[in-house]
Every structure is written in structure tokens, then in C-alpha cells.
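> Here is the input, now give the coordinates:
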Amino acid sequence: MLLKDTRVCIVGIGLMGGSLALALRGKVAHLMGVDRHAATRQYALREHVVDQVSDDLSLGIQMADLLILATPVQTILNLLIDLPRLCPDGCLLFDLGSTKQTINATMGALPTQFQAIGGHPMCGKETAGLLAADATLYQDQTFILTRNGRTTPTIEQLALELSATIGARPLFLDAVRHDRITAAVSHVPYLISAVLMHQAAMLNDEYVWPVSASGFRDTSRLSGSDPRMMLDILLTNKTAVLDQLNHFQITLAEISDLLISKDETALAVWLTKAQQTYVDYRAHKE
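Okay, here's the model as predicted:
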């Protein structure tokens, strides 16, 4: 099956699902959106984000060859549990969930008539909702794909074609490795950003916001992410997040000890290593 001949239904047309819809416009046979928010559905039709929109998942399933779940993680899990009842004949299935182990296990337990693969685009914004959607959001971004017990050559090839169509770079990872890495580079950074925001507010000083500049703005940006979405992510990746938080606390304690002991040489070495690692990271991304 070629993507251009595929009828696609995206469940959840917020930032991620809406951006995907915008990137796929005119490149699939039919594009449908399913969303529970009336204002979102109205905007999606008015701005031609999709060809058709509904709040009825059953209708979306009937209309589609490929079902893409772009909701918060817990909602994806609930939908997967309900899919055998809603779609007894099975379907091609893809998701954009930010954690993968639980989703992949649930996908793998679907009846054999389902063909499914997990996905996680490594991009986003701190602003949620369809109004923030951008057709170029996925361009040149890593798109992680995770195989499971219901992954077939057909759904895998379709996922690869979809990634190419929206300009993303596909990367296959197993779900455990995915969750461990994203805990370190995405989920814990969000928590650190949120802690910084709480800590600044706790100063209870009227000048804290006027004094704050680009450094605080950049490091606190992630704290503006949708709390409902982040709550699902943290709870479904709890083990990996707690492990990374433990390492983070150990490193903070080590830095505190260097400051207390005024070990200027060791502190300079540590800061220089962090700077060089950042330089290497930026070079890799460019």
C-alpha cells in the first residue's frame, strides 16, 4: 500500500496531530481528523487542516485505512484497549506517543488482524493545541519507530514512507532503549525546568521576573508544556525517569561538594567538559 492511496485518520488534532495533518495535506487519498473539542474541529475544517472531521472515533475507523493515534499517552492506551471492540476486523495502526514500552506492549497484545508500529517524533513546542500546529514541525527531525508483536512489513513500510513524506528522519529503537534515552534528554529536562520555575517563584521578590533574562527564559521554557500531557509521560515512564533523577541528584551533590571545598581546578574541569559535550552535541545536530 502506498501512502498516496491511503485514507488516513488522525485521532487527536492538537499540536502533534494537527502538524502531521498539515504536513500530509494533499499527499494521501483522504485525511480525517477525530477530536473531542468542538472548537478544534471547527477550526480544522475552516482552515482545511483535514478533509473531514468528527468527534466519533467509530466513524474515523470506518473511513480510514491507517489509524494514527496522536493523543496523550494514557488516552492512547485506553483507545488501544477499546480498538478490538470498535474495529473487529483490525486495521493499520500507528501512534505518536512520547513513551513506548507500555504502548508497545498493549499494541503487541492486539488481535492478529491488527498491524501496528509505534512512533515518537522528537520535536514539539511548549504551546499545545491546533493553533500552534505547523506543517514544517517534523522537517529534519528524528522520528523514532518501535516494532512490536503486531509489526508487519506492510505497516513498517508505510511508517517509513510517512516519515519521508513529512521530511523526518526515521530511527528504529527498541521500546526500552527509547524510554531510557528520552527520560534523560526530554522528561527529566522538563522536570528540571519546572523546578527552576518553582524555585524562582518561591523567592517571592517583585523583581525576579524583570531581572530574569534569556538564560532563565531558555532553561525554564519546558515548564510551559501541557501538564496533562507531561503527567501521562512521567507516569508511564516512571522507572526510567526515577533512575535518571537519581543520577541527576548524585551529580548535583558532587557539584555542591566542589563548591563547598572551593576546588576551583576540579570545578573548572567539570564545567569545561560540559561545554565541550554541548559543542559536540550541537555539531551532531547541525
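
> what distance separates the start and the end of stretch 169-181?
Using C-alpha to C-alpha, to the nearest Å, the end-to-end distance of stretch 169-181 comes to 17 Å.

> Please identify the buried residues of it?
170, 173, 175, 178-180 (16 or more other C-beta atoms under 10 Å). C-beta here means a position set from N, CA and C on the backbone, and glycine is covered the same way.

> between the residues you listed, which is nearest Gly108?
Gly108 has its nearest neighbour among the buried residues of stretch 169-181 in Ala175, at 9.7 Å by C-beta to C-beta.

> contacting residues around the closest residue to that closest one other than its chain neighbours?
Once its chain neighbours are removed from consideration, Ala175 has its nearest residue in Lys100; the separation is 3.9 Å (C-beta to C-beta, 6 or more residues apart in numbering). Applying C-beta atoms under 8 Å, 6 or more residues apart in numbering, we find Lys100 in contact with 118, 120, 144, 146, 175, 178-179.

> go on, Ser58?
Leu86.

> and the gap between it and Val195?
In this structure, Ser58 lies at 43 Å from Val195, with C-beta to C-beta, to the nearest Å as the measure.

> Equivalent analysis for Ile68, please.
Using C-beta to C-beta, one obtains 34 Å as the distance from Ile68 to Val195.

> again, but for Thr106
When distance is defined by C-beta to C-beta, Thr106 is 31 Å away from Val195.

> Helices of the stretch 1-150 of the chain, residue ranges please.
With helices called from DSSP state H, counting those that start in this stretch, the stretch 1-150 of the chain shows them at 15-24, 38-46, 57-63, 73-86, 101-108.

> Can you name the residues that contact the residue nearest the centre of the chain?
With distances taken as C-alpha atoms, centre = their mean, the chain has Ser98 as the residue nearest its mean C-alpha position (3.9 Å). The contact partners of Ser98, taken as C-beta under 8 Å, 6+ apart, are 73, 120, 182, 186, 229, 232-233, 237.

> can you rerun that using 6 Å?
Shown in contact with Ser98 (C-beta atoms under 6 Å, 6 or more residues apart in numbering): 120, 233.

> got it, and the one 4 residues further on?
For Thr102, the contacting residues are Thr236, by C-beta under 6 Å, 6+ apart.

> Touching, Gln141 and Ile166? I think so.
No - applying C-beta atoms under 6 Å, one finds Gln141 not in contact with Ile166, separated by 9.0 Å.

> Just the buried residues of stretch 53-68, please?
The neighbour-count check on stretch 53-68 (16+ other C-beta under 10 Å) flags 53-54, 57, 60-61, 63-68 as buried.

> Same check on stretch 69-80?
Counting neighbours by 16+ other C-beta under 10 Å, one finds that the buried residues in stretch 69-80 are 69-77, 79-80.

> Tabulate the residues you listed in a markdown table, adding columns for pLDDT.
Shown next, in a markdown table, are those (pLDDT from 0 to 100):
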| residue | pLDDT |
| --- | --- |
| Leu69 | 98 |
| Ala70 | 97 |
| Thr71 | 95 |
| Pro72 | 93 |
| Val73 | 95 |
| Gln74 | 95 |
| Thr75 | 95 |
| Ile76 | 97 |
| Leu77 | 97 |
| Leu79 | 96 |
| Leu80 | 97 |
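
> Pipe those into JSON lines and attach distance to Ala159 per row.
As requested, the buried residues of stretch 69-80 are arranged in JSON lines below (distance: C-beta to C-beta, whole Å):
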{"residue": "Leu69", "distance to Ala159": "13"}
{"residue": "Ala70", "distance to Ala159": "14"}
{"residue": "Thr71", "distance to Ala159": "18"}
{"residue": "Pro72", "distance to Ala159": "21"}
{"residue": "Val73", "distance to Ala159": "19"}
{"residue": "Gln74", "distance to Ala159": "23"}
{"residue": "Thr75", "distance to Ala159": "20"}
{"residue": "Ile76", "distance to Ala159": "16"}
{"residue": "Leu77", "distance to Ala159": "20"}
{"residue": "Leu79", "distance to Ala159": "18"}
{"residue": "Leu80", "distance to Ala159": "17"}
